[in-house]
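J.: Turn this into a model:
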Amino acid sequence: MKVTRQVVVQDIALLRESGLPIMATPAGYVWLEKASPSLPMRVYTCQHTELSEAREELLIMVNAGGTVRDIIVDHPVYGEITGSLLLRTTEDVETLIERLGRPGVQMLSSMTCGSHMHTVEAPNELSLDRIEQALQKAGILSE
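T.: Alright, predicted model coming up:
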């Protein structure tokens, strides 16, 4: 369409200002569907510092049927900082990990020595229980 990135960013900002449910994610802009009140969600507090551990953590979540909605860090100065992820598939995870592996890019959790949280949505409580157990087994889940 031969427009600059800035034109797209400004147009999306105008659409969001008008109340349209558009969210910026690592994979680009997405149209938000209304959250289903019937889908259970859980927040997991995790601890790790390596990108390989982040990959393992996120794959545990999506392979068990979860959608990783976000990452949250509790910064000592700025307070709670949330980044939208909306990871649903292995491909989503691999794309994020590839981007995080680029020179000069750091994980959001690097600001809090690896401590962070993820909001995860799943089809049922059993899936969320499986995610929790797998994160504990991997040594990623914080007590």
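J.: need the helices for this protein, in chain order.
T.: 5-17, 51-63, 90-100, 125-137 (DSSP state H).
J.: could you say what helices and strands the shortest one packs with?
T.: If contacts are counted by 3 or more CB pairs under 8 Å, 6 or more residues apart in numbering; DSSP states H and E, helix 90-100 sits against helix 51-63, strand 79-87. C-beta coordinates here come from the backbone N, C-alpha and C atoms, glycine included.
J.: Can you give the domain ranges for this protein?
T.: Taking automatic domain parsing as the reference, the chain has its domains at 1-34, 39-137.
J.: can you list these in CSV and add mean pLDDT and mean neighbour count?
T.: Formatted as CSV, those follow (pLDDT from 0 to 100; neighbours: other CB atoms under 10 Å):
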stretch, mean pLDDT, mean neighbour count
domain 1-34, 71, 11
domain 39-137, 95, 16
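J.: Columns distance to Glu143 on top of these, output as a markdown table?
T.: A markdown table is the format used below for the domains of the chain (distance: least, CB to CB, whole Å):
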| stretch | distance to Glu143 |
| --- | --- |
| domain 1-34 | 29 |
| domain 39-137 | 8 |
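J.: residue contacts, Gly65?
T.: Counting by CB atoms under 8 Å, 6 or more residues apart in numbering, Gly65 touches 122-123, 127.
J.: circling back to that earlier point, do you know which of the helices and strands packed on helix 90-100 lies nearest Ser142?
T.: Ranking these by proximity to Ser142 (CB to CB) places helix 51-63 first, at 11.5 Å.
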